[in-house]
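>>> can't give you the sequence, but here's the structure:
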Ligand code: ATP
Ligand code: MG
């Protein structure tokens, strides 16, 4: 791997609710990299009712993908803001079109793919609550907030995402299989994909951190 003396550009892949957000926040804390989450950024625009927010709201509510042209323009601009820092991309790219567009402006060094059984995912979204401003995720029974319905850090309200409704989850998993699966192969072909299997984030995290430790030691 030719990543010596480089600012590490990494990305994380995985099915909806595979724990990308949870693993990402641990990576961000331990390795001080910038977390660039397309889903968090889009939800932020929706919350603030910006032009982009209004344009993309119905896609997110229904669990559909935002069109490539909108997504590519938006995310490449976001990445420009953090171009001199190491970053971890989460939620982008989700199509081969997006992967190609990203590769042209910024080839990534490392791609982490989380592999979690689908039945675990379906179960998990039912009990998922999020703190919108920070993107912090809670799961009742596994990572329960200290006070019901409230964020541990700020005490603000937690919400259930509209796209965590069973119909939307089903739709997101179908799209993932058809459209996002090929993205995994895109990076496999480049020789930079590393897969991590497990049923929970606590099972996956030690494997991820062992791998990243070895990468960061080479930098
Ligand atoms: P989780 O965050 O739990 O892993 P997820 O990956 O499905 O679940 P987000 O990444 O938060 O959720 O994305 C939520 C929604 O935002 C998607 O269903 C889609 O509508 C939109 N979205 C986010 N990233 C992209 C992208 N790269 N291309 C198209 N749409 C996107
Ligand atoms: Mg996410």
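Nice, thanks for sending it over. As the structure is a computational prediction, the values presented were derived from the model and not from experiment. Ligands and ions are numbered 1, 2, ... in the order given.

>>> List the contacts of the helix or strand residue 185 falls within.
Using DSSP states H and E, the element containing residue 185 is helix 181-190. Applying CB atoms under 8 Å, 6 or more residues apart in numbering, the contact partners of helix 181-190 are 13, 93-96, 98-100, 108, 111, 113, 193. All C-beta atoms are positioned from the backbone trio N, CA, C, and that covers glycine.

>>> Which helix or strand contains whichever residue of the chain sits closest to ligand 2?
Distance from ligand 2 to each residue of the chain (CB to the ion) is smallest for residue 39, at 3.9 Å. Assessed by DSSP H and E, residue 39 sits inside helix 38-47.

>>> now that helix: mean pLDDT?
The pLDDT scores in helix 38-47 average 96.

>>> Just the buried residues of it, please?
Residues of helix 38-47 classed as buried by neighbour count (16 or more other CB atoms under 10 Å): 38-46.

>>> Determine if any part of it is in contact with ligand 1.
Yes. Using CB under 6 Å from any ligand atom, we find that helix 38-47 touches ligand 1 at 38-39, 42.

>>> any idea which of those is the one closest to ligand 1?
residue 39 (1.9 Å; CB to the nearest ligand atom).

>>> Just give me the residue right at the centre of this protein.
residue 90 (3.0 Å; CA atoms, centre = their mean).

>>> Which elements pack onto the longest helix belonging to the chain?
Determined from DSSP state H, the single longest helix within the chain is helix 201-218. Helix 201-218 is packed against helix 20-31, strand 110-115, strand 193-197, with contacts defined by 3 or more CB pairs under 8 Å, 6 or more residues apart in numbering; DSSP states H and E.

>>> which residues sit against that helix?
1, 3-4, 8, 19, 22-23, 26-27, 30-31, 109-110, 112, 114, 116, 194, 196-198.
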